[in-house]
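K.L.:
When you get a sec, could you give me coordinates for this:
(one chain, ligands or ions: 1)
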Amino acid sequence: MEIEDCQSEGFATRIITTQFGRKDAHGAISLPVYRNAAFEFETAEAIADAFQNKVTAHTYTRISNPSVEMLERKIKSASGAETVMSVASGMAAISNTFMTIAYAGCNIVTSPHLFGNTFSLFKFTLAEFGVEVRFVDTDNLDEIESALDENTCAFFCELITNPHMEVADLPEISKILKAKNIPMIVDSTIVPWCSFNARKAGADIELVSSTKYISGGATSVGGAILDYGTFDWSKNKKLSKLSSVDGNQRFTFKLRREIARNFGACMDSETASLQSLGMETLQIRFEHMAASAYELAQFLSENEKVVKVGYTKLNSSPYKTVSDKLFVGNPGAMLTFCLATKEDCYHFMNKLQIIRRATNLFDNKTLIIHPESTIYGTFTQEMKEVMGIEDNLLRLSVGLENVEDLKKDILQALGK
Ligand SMILES: *Cc1c(COP(=O)(O)O)cnc(C)c1O
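P.N.:
Residues are numbered from 1 along each chain as shown. Reported below is the predicted structural model:
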């Protein structure tokens with residue numbers, strides 16, 4: 001199972017054979033961890049050239065680091081993005097991106113069904129800086145189109161919303177955005193590149209929490225910002241001011257040279273090394289987890305105690321057609337399901353023996369959470385309603401255990 005693209009080698013091969021570009025002094029087969037803050041130069045002229053960007057060289061780890069560069073190269077090989085920047089977390093990827101493109105008086109058009117901190121960033125944090133967020137129903141193309149204007153700095157959405165399990169029709173939305181010269185920014189954390197091709201779907205900038213699939217078993221927190229080089233920033237009157245380089249590179253230039261340095265949420269080299277290793281097993285882990293997720297989604301659908309199951313490949317999902325169009329194979333390792341009441345959810349969770357009660361997604365371990373009382377637990381009732389958070393819903397992130405054992409655990413916890 002391989003996503004079709006112009007690259008000749010398979011997904012896993014491309015990641016595993018990614019070269020660093022410079023020979024290691026000892027021929028180490030994996031790049032050592034560069035656990036240092038600064039890099040020295042032979043002469044005053046050489047360090048000046050590095051600082052003035054006349055040569056590409058690492059100077060200081062907040063700005064760049066060889067271990068982080070290696071991870072960025074692997075993500076580039078995997079995704080086909082033109083440039084990749086790894087940062088301290090998924091939220092750092094999202095906040096650095098919007099600090100790069102947003103300005104006082106601009107607006108962001110998005111769905112209210114967002115990861116909790118992303119919602120809070122848009123609604124509260126950025127609002128203080130004069131940035132408006134316009135919530136739309138991403139199923140309604142007319143509503144999206146009428147929310148866009150000359151001050152829209154981006155259309156943003158998550159690939160499969162969590163916990164609502166909605167999929168926006170990105171290729172159709174992309175047509176509307178292209179006509180108006182507005183960039184499409186997609187948080188694709190939920191489905192990795194071996195199943196989802198962001199460029200083909202019309203995304204210009206892709207954001208990922210590498211804490212999830214990439215970290216290789218929840219080893220570390222990280223994020224990535226991918227620029228496909230598909231958006232000509234010079235064609236949008238307001239966004240053309242980002243920087244003065246070639247039209248398609250203006251975002252990355254400002255992000256790398258100004259925003260990321262000023263905010264300082266750099267990825268740590270130890271994390272980069274762990275996540276580079278995680279990248280090498282990404283496809284094999286994803287395919288196993290996602291196959292189990294589909295099997296469990298079908299299994300749960302057949303149980304009379306389960307009121308509703310959210311998984312976009314199920315025939316019962318209103319997003320099946322668009323999901324089949326966007327994803328190769330199984331659409332991710334996350335599913336949701338509803339029991340009759342919140343009390344039933346708590347009772348079920350407390351009886352689980354293999355499945356662990358924890359937040360996070362795409363660990364090797366299967367994880368369950370009750371979103372309404374945890375992730376959204378401090379939100380007001382009104383906010384929960386805006387965000388459409390139900391109190392009888394559970395979210396499952398399916399791991400690498402044998403699926404038969406997960407089924408047994410679910411059955412015993414559901415009880416007679
Ligand atoms: C986890 C997650 C984030 C935030 O990532 P962190 O690495 O925890 O900062 C953002 N978006 C989505 C969809 C996520 O699942």
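K.L.:
only C-alpha atoms for contact and neighbour calcs from this point on.
P.N.:
Will do.
K.L.:
Excluding sequence neighbours, find me the nearest residue to the closest residue to the ligand within the stretch 201-350 of the chain.
P.N.:
Using CA to the nearest ligand atom, the closest approach of the stretch 201-350 of the chain to the ligand is made by Ser209 at 4.4 Å. Counting by CA to CA, 6 or more residues apart in numbering, Ser209 lies nearest to Gly90, which is 3.7 Å off, once chain neighbours are set aside.
K.L.:
how near is the one you found to Ala265?
P.N.:
11 Å (CA to CA, to the nearest Å).
K.L.:
Between the two, tell me which one has more neighbours.
P.N.:
Gly90 (24 against 21; other CA atoms under 10 Å).
K.L.:
any idea which element Val133 lies in?
P.N.:
Assigned by DSSP states H and E, Val133 belongs to strand 132-135.
K.L.:
first vs last residue of stretch 260-278, how far apart are they?
P.N.:
End-to-end for stretch 260-278, by CA to CA: 24 Å.
K.L.:
on that earlier part again, helices and strands around whichever helix or strand comes after the strand holding Val133, which ones?
P.N.:
Downstream of strand 132-135, the next assigned helix or strand under DSSP H and E is helix 141-147. Contact partners of helix 141-147 among helices and strands, from 3 or more CA pairs under 8 Å, 6 or more residues apart in numbering; DSSP states H and E: none.
K.L.:
Please export the C-alpha coordinates of the helix or strand following helix 141-147 as PDB.
P.N.:
Downstream of helix 141-147, the next assigned helix or strand under DSSP H and E is strand 152-158. Presented in PDB, the C-alpha positions along strand 152-158 are these (Å, rounded to 0.1, in the frame of the first residue of the first chain):
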ATOM      1  CA  THR A 152      -8.300  36.500   5.700                       C
ATOM      2  CA  CYS A 153      -4.800  35.400   6.400                       C
ATOM      3  CA  ALA A 154      -5.600  31.600   6.200                       C
ATOM      4  CA  PHE A 155      -8.200  28.900   6.000                       C
ATOM      5  CA  PHE A 156      -7.200  26.400   8.700                       C
ATOM      6  CA  CYS A 157      -8.600  23.000   9.600                       C
ATOM      7  CA  GLU A 158      -7.700  19.700  11.100                       C
END
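K.L.:
partners of strand 152-158, with directions?
P.N.:
Take DSSP bridges as the rule and strand 152-158 pairs in its sheet with strand 107-110 (parallel), strand 184-187 (parallel).
K.L.:
for those, which one sits closest to the ligand?
P.N.:
Proximity to the ligand (CA to the nearest ligand atom) singles out strand 184-187 among the strands paired with strand 152-158, at 6.1 Å.
K.L.:
Pull out the buried residues from that closest one.
P.N.:
Neighbour-count burial for strand 184-187, counted by 16 or more other CA atoms under 10 Å, picks out Met184, Ile185, Val186, Asp187.
K.L.:
So what touches that strand?
P.N.:
154-159, 174, 177, 202-208 (CA atoms under 8 Å, 6 or more residues apart in numbering).
K.L.:
swap the cut-off to 6 Å and go again
P.N.:
If you take CA atoms under 6 Å, 6 or more residues apart in numbering as the criterion, strand 184-187 is touched by Ala154, Phe155, Phe156, Cys157, Glu158, Ala203, Asp204, Ile205, Glu206, Leu207, Val208.
K.L.:
could you give me the average pLDDT of the next helix or strand after that strand?
P.N.:
Using DSSP H and E, the helix or strand that follows strand 184-187 in sequence is helix 198-201. Averaging pLDDT along helix 198-201 gives 97.
K.L.:
What is the next helix or strand after helix 198-201 packed up against?
P.N.:
Remark: after helix 198-201, the chain's next helix or strand is strand 205-209, criterion DSSP H and E. Helices and strands touching strand 205-209, as assessed by 3 or more CA pairs under 6 Å, 6 or more residues apart in numbering; DSSP states H and E, comprise strand 184-187, strand 223-227.
K.L.:
and the first one, how far out from the chain's middle?
P.N.:
So the one you mean is strand 184-187. With CA atoms, centre = their mean, to the nearest Å as the basis, strand 184-187 stands 9 Å off its chain's centre.
K.L.:
what does stretch 234-249 give?
P.N.:
That offset, for stretch 234-249, works out to 25 Å (CA atoms, centre = their mean).
K.L.:
Show me which residues of it are buried.
P.N.:
Ser234, Asn236, Lys238, Leu239, Ser240, Leu242, Ser243, Val245, Gly247, Asn248, Gln249.
K.L.:
How many residues are close by Ala25?
P.N.:
Ala25: 6 neighbours (other CA under 10 Å).
K.L.:
that older thread, out of the strands paired with strand 152-158, flag the one nearest Asn65.
P.N.:
strand 184-187 (24.6 Å; CA to CA).
K.L.:
Kind regards, and thank you for your time.
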